[in-house]
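>>> this one's sequence-less:
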């Protein structure tokens, strides 16, 4: 059961038994590198400042280092009907995480 929803601010300094991290289109793996974005108004905008990029990387680092027993990372599928959720925003990140050895839940053996 999903007991609590928390941002990187809520979980900083905590150790959780299990965590589920939803990886949005704000931090994308594209063409072998990471691309930082922020959703403003009705579209994604590139984060150009080094400080903003470092802040975003650190937010994901915090979220990815809280679980003690296990973690699920959810990378949503893109939606062709929604220009703010293009598959291009998610597919590269999904492929990168798989190439790093993170298995799909459906392919894990009990």
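Structure's in. What do you need? What you are looking at is a predicted structure, and each value in this text was computed from that prediction instead of being measured.
>>> going by C-alpha atoms from here, please, whenever you check contacts or count neighbours.
OK.
>>> next one: the residue nearest to residue 87 when sequence neighbours are not counted, what pLDDT does it get?
Leaving aside its sequence neighbours, residue 87 sits nearest to residue 78 (CA to CA, 6 or more residues apart in numbering; 3.8 Å). pLDDT recorded at residue 78 is 91.
>>> what residue ranges in the protein score low on pLDDT?
Low-confidence segments of the chain (pLDDT under 70): 1-3, 107-110.
>>> let me see the contact set for the residue nearest the centre of it.
By CA atoms, centre = their mean, the chain has its centre lying nearest to residue 23, at 2.1 Å. Residue 23 makes contact with 73-76, according to CA atoms under 8 Å, 6 or more residues apart in numbering.
>>> all strands for this structure, in order.
With DSSP state E as the criterion, the chain has strands at 16-22, 27-30, 33-40, 43-46, 67-74.
>>> helices and strands around the third one, which ones?
Using 3 or more CA pairs under 8 Å, 6 or more residues apart in numbering; DSSP states H and E as the contact criterion, the secondary-structure elements in contact with strand 33-40 are strand 27-30, strand 43-46.
>>> what about the residue nearest to residue 87, distance to residue 97?
16 Å (CA to CA, to the nearest Å).
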